[in-house]
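Visitor: Take this sequence and fold it.
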Amino acid sequence: MNAQSTQFVVVDEEDKINQISDILGKKNVAGASAIILCIINKIPKSVTGDLNFEIEDCSAAVMSMLLAITDLGYASVWIDGLLRRDNIASKIAKIIDLPDDKLIQVLLPVGEAAEQGEQPPKKAENERVSFNKYSL
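Guide: Residues are numbered from 1 along each chain as shown. Down below sits the predicted model:
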């Protein structure tokens, strides 16, 4: 629908990065070169009828950013669930002067990885994919 509802705030001031890191309780975020915040409306705007796509638009944009970040040789991690705990999103919103009608949906710290993180083993295709009917 090309509503272009997703907005972004890039935080690259060290003091603000450190404040956000403290709020998140993630000291490794303090070493980020920047933090990208994906912003949506608290009350999503309808695009067609009663449908809106702000969460989907934000998710697609974040996925594209993660691919680009990795391609450029940097590291990041998708943070969203943590934002919904203990008013964390609201606390970060104050740091960036976010209007009350907006919401931080996803946070991406971007920088050079201090160490290689452990990845869980990939599940086999037959554990995740079925054809023509659900059979997992």
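Visitor: Mind listing what's buried along the lengthiest helix in the chain?
Guide: Counting residues, the longest helix found in the chain (DSSP state H) is helix 54-71. Using 16 or more other C-beta atoms under 10 Å as the test for burial, helix 54-71 gives Glu54, Ile55, Asp57, Cys58, Ser59, Ala61, Val62, Met65, Leu66, Ile69. C-beta: built from backbone N, CA, C; applies to glycine.
Visitor: ok, the third one - contacts?
Guide: Under the criterion of C-beta atoms under 8 Å, 6 or more residues apart in numbering, the contact partners of Asp57 comprise Ala3, Gln4, Ser5, Thr6, Ile40.
Visitor: again with the last one
Guide: The contact partners of Ile69, taken as C-beta under 8 Å, 6+ apart, are Ala75, Ser76, Leu108, Val110.
Visitor: how much space between it and Asn2?
Guide: Using C-beta to C-beta, to the nearest Å, Ile69 is found at 24 Å from Asn2.
Visitor: before we move on, what about the fourth one?
Guide: When distance is defined by C-beta to C-beta, Cys58 is 15 Å away from Asn2.
Visitor: outside of stretch 34-45, which residues touch it?
Guide: Contacts of stretch 34-45 (C-beta under 8 Å, 6+ apart): 3, 5-12, 16-17, 20, 29, 52, 54-55, 57-58, 61-62, 65, 92, 96, 98, 100-111.
Visitor: For this structure, give me the ranges with low pLDDT.
Guide: Applying pLDDT under 70 to the chain flags residues 1.
Visitor: how about 80 then?
Guide: Applying pLDDT under 80 to the chain flags the ranges 1-4, 27, 47, 114-118.
Visitor: can you give me the helices in it?
Guide: Using DSSP H, helices in the chain cover 14-24, 54-71, 88-95, 125-128.
Visitor: As JSON lines, the ones you listed with distance to Ala34 would be great.
Guide: Below are the helices of the chain laid out as JSON lines (distance: least, C-beta to C-beta, whole Å):
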{"stretch": "helix 14-24", "distance to Ala34": "7"}
{"stretch": "helix 54-71", "distance to Ala34": "10"}
{"stretch": "helix 88-95", "distance to Ala34": "14"}
{"stretch": "helix 125-128", "distance to Ala34": "33"}
